[in-house]
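1. A predicted structure for the sequence below; I have some questions about it.
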Amino acid sequence: MKTSKTFRELLNELQKMTDEQLDCDLTIVDEDDEYHAVEMVSEWHKFDDVLDADHPFFRISMKH
C-alpha cells in the first residue's frame, strides 16, 4: 500500500475541498493523536542536502 503522496495528488485532494476547508489552518495529526501546525517552506533551495534542489516540503511545528 502506498502511503506517501505526490504534490500533484495533494493538489487533486485540495481541489475537492470547500472554500471554508481551504481557509482552515494546515494541521496534521500524528499516530499518538497529537495535533501539530504545519508550515509550507517556500525557500527550498536553502536547506540541507537530503532533498534534491527545489524539492518542496512542509515543516511540522512540534511546539504546542
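-> Done, it's in. Numbering: from 1, shown residues only.

2. who are the packing partners of the least confident helix or strand in the chain by mean pLDDT?
-> Among the secondary structure pieces of the chain, namely its helices and strands, strand 57-61 has the lowest mean (mean pLDDT, DSSP states H and E), a mean of 80. For strand 57-61, the elements it packs on are strand 35-41, judged by 3 or more Cβ pairs under 8 Å, 6 or more residues apart in numbering; DSSP states H and E. Just so you know, the C-beta spots here come from the backbone N, C-alpha and C atoms, and that holds for glycine as well.

3. tell me how far the strand it packs on lies from the chain's centre.
-> Offset of strand 35-41 from its chain centre (Cα atoms, centre = their mean, to the nearest Å): 7 Å.

4. now that strand and strand 57-61, what's the angle there?
-> Taking axes from the mean of the first three to the mean of the last three Cα atoms, to 10 degrees, one finds that strand 35-41 is oriented at 140 degrees with respect to strand 57-61.

5. and strand 35-41, what's its mean pLDDT?
-> Taken as a whole, strand 35-41 carries a mean pLDDT of 85.

6. packing partners for that strand?
-> strand 27-29, strand 57-61.

7. turn the ones you listed into TSV, including mean neighbour count and distance to Ser42.
-> Supplementary listing: the helices and strands packed on strand 35-41 in TSV, determined by neighbours: other Cβ atoms under 10 Å; distance: least, Cβ to Cβ, whole Å:
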stretch	mean neighbour count	distance to Ser42
strand 27-29	11	19
strand 57-61	12	10
